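A.B. asks: Sharing a model that was predicted from the sequence below.
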Amino acid sequence: MNKKIDVPNYYIGLVYGYEARKVIEDWKLSYNVGTATSYLLRCGKKTEEGMDNNAKHIEDIEKAINHLKFEVEWLKNSPNGG
């Protein structure tokens, strides 16, 4: 039985309706790069109760940067360079 999964609108593009997860899957991005991409794609679209929109925007960018740093660290420590 397939249940429809509700995807929040902040993970769906405004023009073409692409879902972040499908873009990440199609490009075969690693976990960290994919997660960074998700944060960047939703940046400025997701709001949280009691949080200023600019603060949420900054938080999403910082989370993306952290995941990119995790990826760089993993690549540097990988025996075959990833």
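C.D. replies: Noted; the coordinates are in hand.

A.B. asks: residue closest to the middle of this protein?
C.D. replies: Nearest to the mean C-alpha position of the chain, by Cα atoms, centre = their mean, lies residue 38 at 1.4 Å.

A.B. asks: which residues sit in contact with residue 34?
C.D. replies: Going by Cβ atoms under 8 Å, 6 or more residues apart in numbering, residue 34 touches residue 24. The C-beta positions use only the backbone N, C-alpha and C, and glycine is treated the same way.

A.B. asks: From residue 44, how far off is it?
C.D. replies: For residue 34, the distance to residue 44 equals 19 Å [Cβ to Cβ, to the nearest Å].

A.B. asks: ok, now residue 68?
C.D. replies: The spacing between residue 68 and residue 44, counted by Cβ to Cβ, is 18 Å.

A.B. asks: of these two, who's got more company?
C.D. replies: Neighbour count, other Cβ atoms under 10 Å: between residue 68 and residue 44, residue 68 has more, with 17 against 14.

A.B. asks: Might you report the residue contacts of that one?
C.D. replies: By Cβ under 8 Å, 6+ apart, the contact set of residue 68 is 32, 33, 36.

A.B. asks: Could you list the low-pLDDT ranges of the protein?
C.D. replies: The model of the chain has pLDDT under 70 over residues 1, 81-82.

A.B. asks: When you filter the contacts of residue 68 down to buried only, what's left?
C.D. replies: 32, 33, 36 (16 or more other Cβ atoms under 10 Å).
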